[in-house]
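K.L.:
pasting the sequence and the predicted model now:
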Amino acid sequence: MVVLKSVRPAISCSSFGFDGDQLVPLHKVSFVNLTLPASLLSVRLSSRNNAKLSLVQATKESSTASTNDSAAVFSGENLHQIATNGKATNIVWHKSSVGKVHRQEVLQQKGCVIWITGLSGSGKSTLACALCQALYSRGKLAYILDGDNVRHGLNRDLSFKAEDRAENIRRIGEVAKLFADAGIICIASVLSPYRKDRDACRSLLPEGDFIEVFMNVPLQICEARDPKGLYKLARAGKINGFTGIDDPYEPPLNCELELPQKGNNCASPCEMAEIVISYLEEKGYLQA
Ligand SMILES: Nc1ncnc2c1ncn2[C@@H]1O[C@H](COP(=O)(O)OS(=O)(=O)O)[C@@H](OP(=O)(O)O)[C@H]1O
Ligand SMILES: Nc1ncnc2c1ncn2[C@@H]1O[C@H](COP(=O)(O)OP(=O)(O)O)[C@@H](O)[C@H]1O
């Protein structure tokens, strides 16, 4: 038992905390600022925690508290807010002293997400590779998250029905956000047919850092290219719910860049990559 120096009560939050073994609304849990003698810290907390980080159970409007591994994280002088996010309860954000700005300084660029959307066969992967190569030759670090590739690993459990496509996009959006936070230019080349899923990814990033590129290539051209023979299979009824055939594609309403088809001609992948690079240069993403 230790004497409390101060109490921060009643954090207004819709999530839950622990009261003994019971889940209770967080407003019943108080966060306390303790001053412990160093000797007590090492004796009481060394078994499962290091001396700077301990787990405590806060008491309700009490003047005492005891160490207990079941509830809030208590870190030095900083009191953190316990959050609930989806099904993840009792989670606390842990901050690092090295932040995005520091990583950007090392890389001499700004992290962002270039989200390339369009029909199958519209040239998303080709543009992603050309762009990555063009950035690399300028000494800039990019990483491609290609829908097809991510479905070989992280998203192998997902089908092409609407809710699985939404989850596919959500996960890729979250991973892209981490890459951008790492200071990397993340190129997501994903069919992403539904507007609301793309917009949800946009909303994960700071204003300006989500750059949506629409490969505006008509279905007839994509179908004529058909590099994987999937359109043929879809037309033959051997693939159900194929985007553009019997599943919708919702074009962006307000994308940052649209790379249109001009008649039967299409700019070369390198020319398209240069259009994206000019945009990045103009917006300051190619410097820290
Ligand atoms: N039903 C159906 N509809 C559309 N596309 C299909 C389908 N089944 C398989 N494929 C192949 O999967 C690639 C698209 O994967 P994505 O993860 O980018 O799609 S989505 O964003 O979840 O809609 C897509 O690759 P790309 O051609 O690179 O777009 C197709 O090759
Ligand atoms: N700018 C372009 N001009 C002409 N053909 C292209 C262009 N970009 C891609 N292609 C061709 O179109 C086909 C589909 O390209 P791909 O990048 O695989 O599209 P997606 O990733 O959207 O399915 C490939 O055969 C590719 O060579």
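P.N.:
Yep, that arrived. Here the structure is a predicted model, which means the values were calculated and not measured. Residues are numbered from 1 along each chain as shown. Ligands and ions are numbered 1, 2, ... in the order given.

K.L.:
got the residues of the stretch 151-288 of the chain near ligand 2?
P.N.:
Ser189, Arg225, Pro227, Cys266, Ser268, Pro269 (C-beta under 6 Å from any ligand atom). Placement of C-beta: from N, CA and C, glycine included.

K.L.:
now do the SS call for the third one.
P.N.:
Using DSSP: H, G, I helix; E, B strand; the rest coil, the secondary structure recorded for Pro227 is coil.

K.L.:
start and end of stretch 134-142, how far apart?
P.N.:
Start to finish, the residues bounding stretch 134-142 are 10 Å apart (C-alpha to C-alpha, to the nearest Å).

K.L.:
other residues contacting it?
P.N.:
The contact list for stretch 134-142 (C-beta atoms under 8 Å, 6 or more residues apart in numbering) reads 107-109, 131-132, 183-187, 270, 273-274, 277, 286.

K.L.:
buried subset of those?
P.N.:
Applying a neighbour-count criterion of 16 or more other C-beta atoms under 10 Å, the buried members of the contacts of stretch 134-142 are Leu107, Gln109, Leu131, Cys132, Gly183, Ile184, Ile185, Cys186, Ile187, Ala273, Ile277, Leu286.

K.L.:
and the helices in the stretch 51-200 of the chain?
P.N.:
Across the stretch 51-200 of the chain, reading from the start of the chain, the helices by DSSP state H, counting those that start in this stretch fall at 100-107, 124-137, 147-150, 162-181, 195-202.

K.L.:
redo these as a markdown table? Include mean pLDDT and distance to Asn254.
P.N.:
Supplementary listing: those in a markdown table, determined by pLDDT from 0 to 100; distance: least, C-beta to C-beta, whole Å:
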| stretch | mean pLDDT | distance to Asn254 |
| --- | --- | --- |
| helix 100-107 | 98 | 26 |
| helix 124-137 | 98 | 19 |
| helix 147-150 | 98 | 22 |
| helix 162-181 | 98 | 17 |
| helix 195-202 | 98 | 10 |
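
K.L.:
which one of those helices lies closest to Gly237?
P.N.:
Each of these was scored for nearness to Gly237 using C-beta to C-beta, and the closest is helix 162-181 (19.6 Å).

K.L.:
doesn't Phe214 make contact with Gln261?
P.N.:
No. Using C-beta atoms under 8 Å, Gln261 and Phe214 do not qualify as a contacting pair, with a distance of 11.3 Å.

K.L.:
sounds good, over and out.
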